[in-house]
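Undergrad: turn this into a model:
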Amino acid sequence: MASSLRYATLVALFGLGSCVVSTQHTERQISSIDRSTLDGKLFVGYQAWFRKPLEDDGNSHWTTDTPSPEVGHVGVDMIPNITGYPSECLFDTPFTLPGGGNAQFYTNDCEGVVDMHFKIMADNGISGAFMQRFYGYINEASGGWVNILNYTKIAAEKYGRGFVIEYDLNGAATTSTNVTSTFLADLAALNSIISSPAYMHHNGKPVLEIWGFGIVTSVTVDDGIAIVTALKNAGWYVILGVQQAWHAELAANQPGGYGSVYQLADMIQPWTVGAYDMSSYDSFHDGRQAVEDANALRDMGIASSIVVWPGGSSSNANPSETFDHFPRWNGTFYQKQLDGAVNLKPTFIFGAMFDEVNEGTAILPLLRNKELPTNQKFLGIDDNMEPDAYVKMAGDAALKFASTS
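TA: You can find the predicted model right below:
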């Protein structure tokens, strides 16, 4: 999600002892998921916005203010472990590895990368991905985003996964564009992708998520009502990704508040990245999620999705941010949230994010601390963890969730 808005500014470095998450994982037999329902599934958010610099009209996301990643100008805090990636999808960087040689990054605008990522999801029992589609890039001239959606369709069908389009309102503004018309036109243009047998449905309808109401305030309440109404009338099952204190805004019933938009949703997904840390998660879960959110959703007759995230760090993209802002605590922070979400039994669990190395929330296989480049500061996962430890944790939770839903 967009770094400037999707990463809370809570600063919480705390002194809890670290404990090691068990590396013993449940054996699972992977088969195609049921694409007719979201019930009992764990999906991940997939940015898919990491492309080779100079080939993407400036939309790389590996870098910040330079044409290509440079020391001091890189835009990510974590580095994927690229073992097994197709060589034609990789490019060299100036970041020097401990054993010599340069670290390589991948480009998402390469079918082999998307295929690799969906294979990782399938191998670990993750249900599939919500594909981020940023409003500001819908009309991107190069067509790179549509290429990636086509690769997603192919990979999801190949590996028996599901996928959903998730519109991010960043870049949208009521004063300058007709957001409703833009969404409807884009969905019509993407019909060959949406018609895939791998595209997720729920309650007999194709699923669509819109992220940002109450967060991206350049889209007004009236526009929000028009957007959701039009999409529902067009036959979509509409999930709204909303600010984490959405129920308080709803309860206040303030004129001009987004509560009237939230009430139209088929499902609510509060965005909780940055809303708590290791020391405050239990109280957030026991109070906000288990009581306040649950009661508000019950009263409205609206389904729920719960967001989980492994930790966060975005200091390379945002130098004012504290490095390792939300520590992972060797996986225990993520495991607590996975367990908490499974116990609350939402319709489905949303893992933020699969590949978000900009903000340090990625769960795809990552470099460990001892493997990091020596000429630029990066955050690795703990040395005693396997590179794929976090996707395995998510997959174990998915298996448990499915068996108890």
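
Undergrad: helices and strands around the longest strand anywhere in the chain, which ones?
TA: Counting residues, the longest strand found in the chain (DSSP state E) is strand 205-213. With contacts taken as 3 or more Cβ pairs under 8 Å, 6 or more residues apart in numbering; DSSP states H and E, strand 205-213 sits against strand 162-168, helix 221-233, strand 237-243. Glycine gets a C-beta too; all of them are placed from N, C-alpha and C.

Undergrad: can you tell which of the ones you listed is closest to residue 78?
TA: strand 162-168 (20.8 Å; Cβ to Cβ).

Undergrad: and the contacts of the closest one?
TA: Applying Cβ atoms under 8 Å, 6 or more residues apart in numbering, the external contacts of strand 162-168 come out as 1-2, 33, 35, 41, 43, 45, 127-135, 149, 152-153, 156, 183, 187, 190, 194, 196, 198-200, 207-212, 241.

Undergrad: go with 7 Å
TA: 1-2, 33, 35, 127-135, 152, 156, 183, 198-200, 207-212 (Cβ atoms under 7 Å, 6 or more residues apart in numbering).

Undergrad: which of those fall in helices?
TA: Using DSSP state H, the subset of the contacts of strand 162-168 located in helices is 152, 156, 183.

Undergrad: for the second one, give me its contacts.
TA: In this case it means residue 156. 118, 128, 162, 163, 198.

Undergrad: before we move on, what about the last one?
TA: The contact partners of residue 183, by Cβ under 7 Å, 6+ apart, come to 167, 227, 231.

Undergrad: try 10 Å this time
TA: Listed by Cβ atoms under 10 Å, 6 or more residues apart in numbering, the contact set of residue 183 reads 133, 135, 138, 165, 167, 172, 208, 210, 227, 230-231, 234, 236.

Undergrad: for the first one, same thing?
TA: When the contact criterion is Cβ under 10 Å, 6+ apart, the partners of residue 152 are 46, 48, 111, 114-115, 117-118, 128-129, 131, 161, 163, 165, 193, 196, 198-199.

Undergrad: any chance of the helices and strands packed on strand 205-213 in TSV, with mean pLDDT and mean neighbour count too?
TA: Supplementary listing: the helices and strands packed on strand 205-213 in TSV, determined by pLDDT from 0 to 100; neighbours: other Cβ atoms under 10 Å:
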stretch	mean pLDDT	mean neighbour count
strand 162-168	98	25
helix 221-233	97	18
strand 237-243	97	24
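
Undergrad: can you tell which of these is closest to residue 399?
TA: That would be strand 162-168 among the helices and strands packed on strand 205-213, by Cβ to Cβ, at 16.1 Å.

Undergrad: which parts of the chain are strands?
TA: 41-46, 90-96, 102-106, 128-134, 162-168, 201-202, 205-213, 237-243, 267-271, 303-308, 348-351.

Undergrad: switch the ones you listed over to a markdown table; also include distance to residue 282.
TA: Listed next are the strands of the chain as a markdown table, based on distance: least, Cβ to Cβ, whole Å:
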| stretch | distance to residue 282 |
| --- | --- |
| strand 41-46 | 21 |
| strand 90-96 | 38 |
| strand 102-106 | 37 |
| strand 128-134 | 27 |
| strand 162-168 | 29 |
| strand 201-202 | 30 |
| strand 205-213 | 26 |
| strand 237-243 | 22 |
| strand 267-271 | 17 |
| strand 303-308 | 14 |
| strand 348-351 | 18 |
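
Undergrad: could you give the bridge partners of the spatially most central residue of the chain?
TA: Most central in the chain under Cα atoms, centre = their mean is residue 45, positioned 2.7 Å from the mean C-alpha point. In this structure, residue 45 bridges to residue 130 when assessed by DSSP bridges.

Undergrad: residues contacting it?
TA: Contacts of residue 45 (Cβ under 10 Å, 6+ apart): 1, 6, 129-132, 164, 166, 168, 209, 211, 241, 273, 307, 309, 350-356, 361.

Undergrad: hmm, 8 Å instead?
TA: Counted by Cβ under 8 Å, 6+ apart, residue 45 has contacts 1, 129, 130, 132, 166, 350, 351, 352, 353, 354, 356.

Undergrad: ok, now residue 169?
TA: 135, 179, 210, 211, 212, 213, 215, 216, 218, 219.

Undergrad: same check, this time on residue 388
TA: Contacts of residue 388 by Cβ under 8 Å, 6+ apart are 81, 120, 124, 364, 365.

Undergrad: sweet, I'm off.
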